[in-house]
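1. Structural data only, the sequence is not supplied:
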């Protein structure tokens, strides 16, 4: 059964609204009318419209602002803006806000029909793309891992060899490098990929609860080692595992046997152990806080996860991935990042690694007003993490590029021009001259 094509017409002029309704109804559309912003929002909360045709000027608000609100309520609605010839510049603002196209008054029915035809063609492709994205987002082996840099390729090659053995593995890397992601990739590329994957964070549990969660107890359930069966147990930040639990884990690895807390009847352990750490375990062995025998049991198959600064070529792909992820979660139509933004992100130090980049893009998607992330949408403190990379070899142009970004950052942090000039160690008149020369938008 073909789905009805529903359109919401938002126009305060009764003659235009009625003529549009009559024409669109004859064309086979199901039309609902609204004369102002409040009425349109009320209708949008009650029904999902495929398309909205919205006037820029409405008696109780701005059509561009209404556009944003409509897309917050229903991210899959496509909006056509109606504007007078003298206010075509408003259409530019509408495009930035996510409008699909615009109609110029007096509205010509032939123009309406052509643009609606384009809307529905694009909408069909958009929905199909969303469906494919959803399918592709299902984890399949290394599809979880985003990037194509040489360090990442070498890591994937090593993981592929390790995964097929069902051996225990130690992942070593800085905080935020995505060690759990790589652990899942190893599990999914292994012979027991259809079995359970259970993650236990050793750094966030009191010792008693941690041991119960890992080994089970008579009162608290079977525990991860038993529940995983032939699957994988991922022990995140194993350096925080208490000494008593280390002894029990060593026995589970050596003798394939576990014992629940407070119980006496042992059970079989057949799960693969993948442990991770951001600490130097050998140093902890020397300090007496990590068992030497357990260290050597885990250290036999060790994989180093490179920090983001060593795989900086992956940043553009990661940015695209996180934009899609957060836009979908927030119901926004942010689709990309500008070249200036990408250069800035590739120049940052990323002490928090991929996790920090993920958080930065989440914030940028939230702050972005259009469909493309600009440097101003990034966290303010990010500007200080590295030197932005201009896309020129000319030193003068590169210095001008950095000067513009630096002044923009200071002005964003200190909107008062006198204070900004003081921070920049410039005279107030010099700051105004720089703003004009560099074309800064305030």
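-> That came in fine, so what should we check first? Small disclaimer: the values here were computed from a predicted structure and weren't measured.
2. Break the chain down into its domains, please.
-> 6-136, 160-305, 307-389, 393-442 (automatic domain parsing).
3. Can you lay out those as JSON lines showing distance to residue 153, mean pLDDT and mean neighbour count?
-> (Glycine included, C-beta is placed from N, CA and C.) Written out in JSON lines, the entries for the domains of the chain read as follows (distance: least, CB to CB, whole Å; pLDDT from 0 to 100; neighbours: other CB atoms under 10 Å):
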{"stretch": "domain 6-136", "distance to residue 153": "20", "mean pLDDT": "86", "mean neighbour count": "17"}
{"stretch": "domain 160-305", "distance to residue 153": "11", "mean pLDDT": "91", "mean neighbour count": "18"}
{"stretch": "domain 307-389", "distance to residue 153": "10", "mean pLDDT": "88", "mean neighbour count": "18"}
{"stretch": "domain 393-442", "distance to residue 153": "28", "mean pLDDT": "78", "mean neighbour count": "14"}
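4. I'd like those domains laid out as JSON lines, including distance to residue 154.
-> Compiled in JSON lines, these are given as follows (distance: least, CB to CB, whole Å):
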{"stretch": "domain 6-136", "distance to residue 154": "24"}
{"stretch": "domain 160-305", "distance to residue 154": "10"}
{"stretch": "domain 307-389", "distance to residue 154": "10"}
{"stretch": "domain 393-442", "distance to residue 154": "30"}
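5. Out of those, flag the one nearest residue 147.
-> With CB to CB as the criterion, residue 147 lies closest to domain 307-389 of the domains of the chain, at 3.1 Å.
6. hang on, the earlier thing: residue 150: which of the domains of the chain is closest?
-> For the domains of the chain, distance to residue 150 was read as CB to CB. The smallest value, 7.8 Å, belongs to domain 307-389.
7. Any idea how far the closest one is from the middle of the chain?
-> 9 Å (CA atoms, centre = their mean, to the nearest Å).
8. before we move on, what about stretch 30-46?
-> For stretch 30-46, the distance from its own C-alpha centre to the chain's C-alpha centre is 32 Å (CA atoms, centre = their mean).
9. Quick one: residues in contact with it.
-> Counting by CB atoms under 8 Å, 6 or more residues apart in numbering, the neighbours of stretch 30-46 from elsewhere in the structure are 4-12, 14, 17, 20-21, 24-25, 47, 49, 52, 54, 58-61, 65-66, 69-70, 73-74, 77.
10. ditto for stretch 291-305
-> Outside stretch 291-305, the residues touching it (CB under 8 Å, 6+ apart) are 155, 158-159, 162, 167-174, 177-179, 182, 238, 243, 246-247, 249-250, 253-254, 273, 275, 281-282, 285.
11. circling back to that earlier point, mind listing which of the contacts of stretch 30-46 are in strands?
-> Where the contacts of stretch 30-46 overlap with strands, as defined by DSSP state E, the overlap consists of 6-10, 52, 54, 58, 61.
12. And those residues, which is closest to residue 321?
-> Within the set of the ones in strands among the contacts of stretch 30-46, residue 52 lies nearest residue 321; the separation is 29.9 Å, counting by CB to CB.
13. wait, that closest one sits on residue 79?
-> Yes. Distance between residue 52 and residue 79: 4.8 Å, which falls inside the contact criterion (CB atoms under 8 Å).
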